[in-house]
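*Asks:* what's the 3D shape of this:
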Amino acid sequence: MALACRPVWLRKMARGLVVRPRPGGGPDQVLFFTGPGPVYELECGAAGEDCALGPQLASVGDGGGQPAYDPTSDASLFPRSTFTISKLDASNQVTDVAGSLYGLRDGRGAGAGFRVITSLAADGRGGVWVADCDRIRRLDTRSGEVTTLAGVQATRGSWGSLTCHPAADGTLWATTARAVCRVRTADNIEGRMELVAGHWAEEGSLDGSGRAARFDCINAVLPVSGGRLLIANGADLRCMDAGGAVTTLLRGCFRGVGVDQMAVLPSGDVGVVTRACTFTIISGGDFAPQAQQPPPAAQQQELQPSTDRLLSLLAPPGEGDAGGSGGSAPSAPSGSLTVRVGDRAFPVQRSVLAAGSEYFARLLAPGGGFAESGGAEVSLPDADLAAFVHLLSYMYGTSLGLSGASSPLLSVPPELLRPTAALAGRLLMGGAVAVLTERLAAAATPASVLSDLAWADAHGLTDLVERLTAYAVRKRKAVELDGLEEFTERCPQQAAKLLRASLHDQ
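*Replies:* Predicted structure coming up:
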């Protein structure tokens, strides 16, 4: 289904929205903060239709923008002023949590000070991260203690929005008006902050990969399924995929006013509070977390061509493809070469291969050896045919700059995730590895995590190793220990890291 942007008139000035577990059980509840203070339940149909304000639940005064739900305290926190944070608990009572003074002051409760709070992000472990001018602060929701994170001062301008990375513990997405950064809160100060997309000073509205992209007015960000990050850039909705490629999804959908906040609604649509205090719904983008999406088999049938279909499109059977006879492949068009995987030959434009894979880019570059040989065919011995089909489809999408270029990787069947990720690593396809890492990390269970961790370590997938280690620590009481001895023998260093992390987290 195509993306659609639909303004919704609710007869109230929108200030913020947040999704929380419904007190007493049942479907999740959407809290809609309005000016000058009332908080209502937002009632929407299953498809995000027929939205209306339900009963008033509380009143928060002049605050209410940028609320964030913290599961540790079972409360929705929000800035009551530019330097005070309050909370709305499950019984709809409002109390101040931290900050009563203006200034950059660490401390507990009312003894802490903030300058200008622009965004809150709950990490799900008792911490709420706070964008405060050019600094990032942390509020411990259990103690009320506020501390300042060292080493992450904005290089230019102020931090405008924060969100926690859903698949990587201790990682934040932080943005200024022109830059998207990854912040690792648990690492050493050096290298803690990484510019991922955009530029600290240069502005524009240019799609591209990573730092080649340009932004002019980032207002809000939201992580959604598939490792994607939605970016509200002025009046436009843009998206950064798990590999760092930025594309524009909808132009002018926010009518020139910009955005204050975005949130995934229980329907799977995205609710948007604009700076004109209006409410908008974005639908048709498969934004919901994996648990809210259709089962993988149904999703593959509805949204993506099967592996066999891709194979027939990308490598039509030819004279040299039958029975592994070793015959020559059909001659490739000018500017192309043939990639042979098993008994199938794929004629591919060199530019597509070079753009999609660092391995091929090096091979085809002057001095890489292949150009000088005059050859017209490259063989990938021992590569998984089905895995290569999905990776080649991904290469075509990224080389053309298509929106949703990572979709072929989102449709990879579960049984192909490992071989596809392994081949992506071998071909030095960083963007593909990032997308597949998201899926592999999301698929981990207490029964599989030790096996998953051993496999990721053996294939050098360091980001996946970090995420699986964090998952194993979180789920340590449920992890099945039948394979512990084998894991320790195969991966002694990872076993030691896992033990240290578990002891440190107690």
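*Asks:* rest of the way, CA atoms for contacts and neighbours
*Replies:* Fine.
*Asks:* what distance separates the start and the end of stretch 136-151?
*Replies:* In stretch 136-151, first residue to last residue: 9 Å (C-alpha to C-alpha, to the nearest Å).
*Asks:* That stretch: how far from the chain's middle?
*Replies:* 24 Å (C-alpha atoms, centre = their mean, to the nearest Å).
*Asks:* Okay, buried residues for that stretch please.
*Replies:* Buried residues in stretch 136-151, counted by 16 or more other C-alpha atoms under 10 Å: 136-141, 144-149, 151.
*Asks:* Kindly report the same for stretch 411-425.
*Replies:* Within stretch 411-425, the residues that count as buried by 16+ other C-alpha under 10 Å are 411-412, 417-425.
*Asks:* just stretch 194-214 next, same as before
*Replies:* Residues of stretch 194-214 classed as buried by neighbour count (16+ other C-alpha under 10 Å): 195-200, 203, 205, 207-211, 213-214.
*Asks:* ok, those residues vs residue 384, which is closest?
*Replies:* residue 209 (27.2 Å; C-alpha to C-alpha).
*Asks:* That closest one contacts residue 242, correct?
*Replies:* No: the pair residue 209 / residue 242 is not scored as a contact, 10.9 Å apart, by C-alpha atoms under 8 Å.
*Asks:* Name the nearest residue to residue 122, sequence neighbours excluded.
*Replies:* The spatially closest residue to residue 122, leaving aside those adjacent along the chain, is residue 128, at 4.2 Å (C-alpha to C-alpha, 6 or more residues apart in numbering).
*Asks:* does that neighbour count as helix, strand or coil?
*Replies:* Three-state call for residue 128 (DSSP: H, G, I helix; E, B strand; the rest coil): strand.
*Asks:* same thing with residue 485?
*Replies:* At residue 485 the chain is in helix, as set by three-state DSSP.
*Asks:* Now do it: how many residues are near it, please.
*Replies:* 12 (other C-alpha atoms under 10 Å).
*Asks:* need the contact list for residue 336.
*Replies:* By C-alpha atoms under 8 Å, 6 or more residues apart in numbering, residue 336 lies in contact with 347-350, 376.
*Asks:* now do 10 Å
*Replies:* 346-353, 376-377 (C-alpha atoms under 10 Å, 6 or more residues apart in numbering).
*Asks:* Beta-bridge partners for it, please?
*Replies:* residue 349 (DSSP bridges).
*Asks:* same question, the one 5 residues further on
*Replies:* According to DSSP bridges, residue 344 are recorded as the beta-bridge partners of residue 341.
*Asks:* Show the contacting residues for it.
*Replies:* Contact partners of residue 341, counting by C-alpha under 10 Å, 6+ apart, are 378-386, 388-389.
*Asks:* Could you rerun that using 7 Å?
*Replies:* Shown in contact with residue 341 (C-alpha atoms under 7 Å, 6 or more residues apart in numbering): 379-381, 383, 385.
*Asks:* Tell me how many other residues crowd the closest residue to residue 162 other than its chain neighbours.
*Replies:* Nearest non-adjacent residue to residue 162, counting by C-alpha to C-alpha, 6+ apart: residue 174, 4.6 Å away. Residue neighbour count, defined by other C-alpha under 10 Å, stands at 27 for residue 174.
*Asks:* mind checking pLDDT for residue 174?
*Replies:* With respect to pLDDT, residue 174 has a value of 97.
*Asks:* now residue 406
*Replies:* What the model reports as pLDDT for residue 406 is 61.
*Asks:* repeat for residue 355
*Replies:* Looking at residue 355, its pLDDT reads 82.
*Asks:* so which helix or strand takes in it?
*Replies:* Assigned by DSSP states H and E, residue 355 belongs to helix 350-356.
*Asks:* Please apply the same query to residue 181.
*Replies:* In the assignment (DSSP H and E), residue 181 maps to strand 179-184.
*Asks:* Now do that strand: which elements does it pack against?
*Replies:* Under the contact criterion of 3 or more C-alpha pairs under 7 Å, 6 or more residues apart in numbering; DSSP states H and E, strand 179-184 touches strand 171-175, strand 193-198.
*Asks:* Tell me which strands it pairs with, and in which orientation.
*Replies:* Its sheet considered, strand 179-184 pairs with strand 171-175 (antiparallel), strand 193-198 (antiparallel) by DSSP bridges.
*Asks:* what separates the residue nearest to residue 162 from residue 435, distance-wise?
*Replies:* Distance check for residue 174 against residue 435: by C-alpha to C-alpha, it reads 20 Å.
*Asks:* same question, residue 271
*Replies:* Residue 271 is 24 Å from residue 435, by C-alpha to C-alpha.
*Asks:* Comparing these two, which shows the higher neighbour count?
*Replies:* Shown here are residue 271 and residue 435; by other C-alpha under 10 Å, residue 271 has more neighbours (25 against 22).
*Asks:* Return the residues in contact with the more buried one.
*Replies:* Residue 271 makes contact with 262-265, 280-282, according to C-alpha under 7 Å, 6+ apart.
*Asks:* Could you give the bridge partners of residue 14?
*Replies:* residue 34.
*Asks:* Pull the number of nearby residues for it.
*Replies:* Residue 14, neighbours per other C-alpha under 10 Å, totals 26.
*Asks:* Tell me where the stretch 301-450 of the chain has strands.
*Replies:* Remark: strands assigned in the stretch 301-450 of the chain by DSSP state E, counting those that start in this stretch are 336-341, 344-349, 377-379.
*Asks:* Which strands or helices does the second one pack on?
*Replies:* Using 3+ C-alpha pairs under 7 Å, 6+ apart as the contact test, the elements touching strand 344-349 are strand 336-341.
*Asks:* now the angle between strand 344-349 and the strand it packs on, please.
*Replies:* Orientation note: strand 336-341 sits at an angle of 150 degrees relative to strand 344-349 (axes from the mean of the first three to the mean of the last three C-alpha atoms, to 10 degrees).
*Asks:* show me the contacts for residue 482.
*Replies:* By C-alpha under 7 Å, 6+ apart, residue 482 has no neighbours at all.
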